[in-house]
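1. Build me a model from this:
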Amino acid sequence: MLIPLAVVLTGLAVWFFLWSVRSGQYDDLEGPAHRILMDDDDPMIPGNEAKKNGAAQDTQENAQERSADKQD
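-> Residues are numbered from 1 along each chain as shown. Have a look, this model is predicted:
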């Protein structure tokens, strides 16, 4: 009884593995790891775009002030 049960379970495991390979489960192993690090959702947060624009303006103003200080 144990031998037929082991053969059936092994057959199911092989079938499941082949099904997962054919359905593309193992195609992209690194993509999800890199995708979690990307900041795609920032523009969707209300007010976040204004903060970015304000930060960019501040950076430009600081750069202009530094260049003016160096010229003096």
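
2. List the residues that contact E30.
-> For E30, the contact set (Cβ atoms under 8 Å, 6 or more residues apart in numbering) is empty. C-betas here are computed from N, CA, C, even on glycine.

3. Could you check the pLDDT of it?
-> Note on E30: pLDDT of 84.

4. what phi and what psi does the backbone show at it?
-> Backbone torsions of E30, given as degrees, to the nearest 10, read phi -100, psi -20.

5. Could you do Q25 as well?
-> phi -70, psi -30.

6. For L2, see how far away it is.
-> When distance is defined by Cβ to Cβ, to the nearest Å, Q25 is 31 Å away from L2.

7. Neighbour count: the two, which is higher?
-> Q25 (11 against 6; other Cβ atoms under 10 Å).

8. Now do the same contact list for that one.
-> Contacts of Q25 by Cβ under 8 Å, 6+ apart: none found.

9. From here on, call the first residue 45.
-> Fine by me, first position is 45 from now on; the one you just mentioned is Q69.

10. Under the pLDDT cut-off, which ranges of the protein? List them.
-> 83-108, 110-116 (pLDDT under 70).

11. how about stretch 67-81 as PDB, C-alpha atoms only?
-> Extracted C-alpha coordinates of stretch 67-81, given in PDB (Å, rounded to 0.1, in the frame of the first residue of the first chain):
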ATOM      1  CA  SER A  67       2.900  28.700 -16.500                       C
ATOM      2  CA  GLY A  68       6.000  30.900 -16.100                       C
ATOM      3  CA  GLN A  69       6.300  30.800 -12.300                       C
ATOM      4  CA  TYR A  70      10.100  30.700 -12.500                       C
ATOM      5  CA  ASP A  71      10.700  33.100 -15.400                       C
ATOM      6  CA  ASP A  72      11.600  36.300 -13.500                       C
ATOM      7  CA  LEU A  73      13.200  35.500 -10.100                       C
ATOM      8  CA  GLU A  74      14.900  38.900  -9.600                       C
ATOM      9  CA  GLY A  75      12.200  41.300 -10.900                       C
ATOM     10  CA  PRO A  76      10.000  41.300  -7.700                       C
ATOM     11  CA  ALA A  77      13.100  42.000  -5.600                       C
ATOM     12  CA  HIS A  78      14.000  45.000  -7.700                       C
ATOM     13  CA  ARG A  79      10.500  46.200  -8.100                       C
ATOM     14  CA  ILE A  80       9.900  46.600  -4.400                       C
ATOM     15  CA  LEU A  81      12.800  49.100  -4.200                       C
END
